[in-house]
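Participant: sharing a model prediction with you, sequence too.
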Amino acid sequence: MSNNKEEKIHMSDSCVKGLGIALKDERVIKAINHKINQQYVFRGYKCEGITISEVVKVHLDFDCQPEEPCTIEPSLYVTVNLIKGYVEHIEGENT
């Protein structure tokens, strides 16, 4: 049981570290500002796809205004290399 708790803490630490790296990247900041300017609503973040310890995929969850149905997926998916400390890829930045 202790190992499972330690694994969750490690995943959480990796997620927070990945989020920190992502939020320092100029391309990510530009993409977030674009989403805000397009009137998308930020709903939070979570990490997905932590399959290898050096890479984390940060999901920045954006949604349309409550009265407007989304015709596209407005979220950002940022792939971060934790070892080298940089953003490898941004998905959804031009929507």
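Facilitator: On my side now, so go ahead.

Participant: so where's this protein uncertain?
Facilitator: By pLDDT under 70, the low-scoring segments of the chain are 1-12, 49-51.

Participant: can you give me the helices in it?
Facilitator: Assigned by DSSP state H, the helices in the chain fall at 2-24, 26-37.

Participant: what's the last one in contact with?
Facilitator: Yep, that's helix 26-37 we're talking about. The contact list for helix 26-37 (C-beta atoms under 8 Å, 6 or more residues apart in numbering) reads 22-23, 42, 60, 62, 74, 76, 78, 87, 90, 92-94. For every residue, glycine as well, the C-beta is placed using N, CA and C.

Participant: let's see it at 10 Å
Facilitator: Identification of contacts with helix 26-37 by C-beta atoms under 10 Å, 6 or more residues apart in numbering yields 19, 21-23, 25, 40-42, 58, 60, 62, 74-76, 78, 80, 87, 89-95.

Participant: drop anything exposed from the residues you listed.
Facilitator: Neighbour counting by 16 or more other C-beta atoms under 10 Å classes 19, 21-22, 40, 58, 60, 62, 74-76, 78, 80, 87, 90, 92-93, 95 among the contacts of helix 26-37 as buried.

Participant: next step: the residues you listed restricted to strands.
Facilitator: Among the buried ones among the contacts of helix 26-37, DSSP state E puts 58, 60, 62, 76, 78, 80, 87, 90 in strands.
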